[in-house]
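Q: I'll drop the sequence and a predicted model, then ask my questions.
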Amino acid sequence: MNAHKPAFSERFYRGLLRLFPFDFRGDFGPEMEQAFKEQRVHAQRDSGKIGLFRLWWETISGIFTTAPAEHLSMLRQDVSYALRMMRKKH
């Protein structure tokens with residue numbers, strides 16, 4: 001039973017992805033994780049610790065700006081759908 005335990009960086013990134021709406025994570029989460037793994041390898045290889053720091057900084061700031069926008073987008077869609085359904089019933 002050699003279960004692969006994800007590295008701290010992978011677990012932390014997955015935790016950050018939980019800031020996105022569930023449906024968004026289902027649609028894009030695995031691809032985002034894979035892209036981040038590849039970026040992390042390249043950043044470390046090409047620029048060392050400074051490259052990793054820069055990648056984490058850009059990733060975290062990007063998630064904290066994008067995730068709320070995704071939640072708002074989904075809320076707009078839900079409200080729009082609810083209003084359409086209410087109009088249909090009346």
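A: Okay, I see it.
Q: Distance-wise, check residue 31 relative to residue 17.
A: From residue 31 over to residue 17 the distance is 11 Å, taken as C-beta to C-beta, to the nearest Å. For the C-beta atoms, the positions are set from N, CA and C on the backbone; glycine is no exception.
Q: low-scoring stretches of the protein, by residue?
A: Scanning the chain for pLDDT under 70 picks out 1-3.
Q: Among residue 31 and residue 17, which residue is more densely surrounded?
A: residue 17 (18 against 9; other C-beta atoms under 10 Å).
Q: can you pull the contacts of the more buried one?
A: For residue 17, the contacting residues are 25, 29, 32, 33, 63, by C-beta atoms under 8 Å, 6 or more residues apart in numbering.
Q: Now do the contacts for the last one.
A: Residue 63 is in contact with 16, 17, 19, 20, counting by C-beta under 8 Å, 6+ apart.
Q: so where does it fall, helix or strand?
A: According to DSSP states H and E, residue 63 maps onto helix 22-89.
Q: From the chain's centre, how far out is that helix? Work that out for me.
A: In terms of C-alpha atoms, centre = their mean, to the nearest Å, the centre of helix 22-89 is set 3 Å apart from its chain centre.
Q: Turn the contacts of residue 63 into a markdown table, columns for distance to residue 39 and secondary structure.
A: Formatted as a markdown table, the contacts of residue 63 follow (distance: C-beta to C-beta, whole Å; DSSP: H, G, I helix; E, B strand; the rest coil):
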| residue | distance to residue 39 | secondary structure |
| --- | --- | --- |
| 16 | 14 | helix |
| 17 | 14 | helix |
| 19 | 18 | coil |
| 20 | 18 | coil |
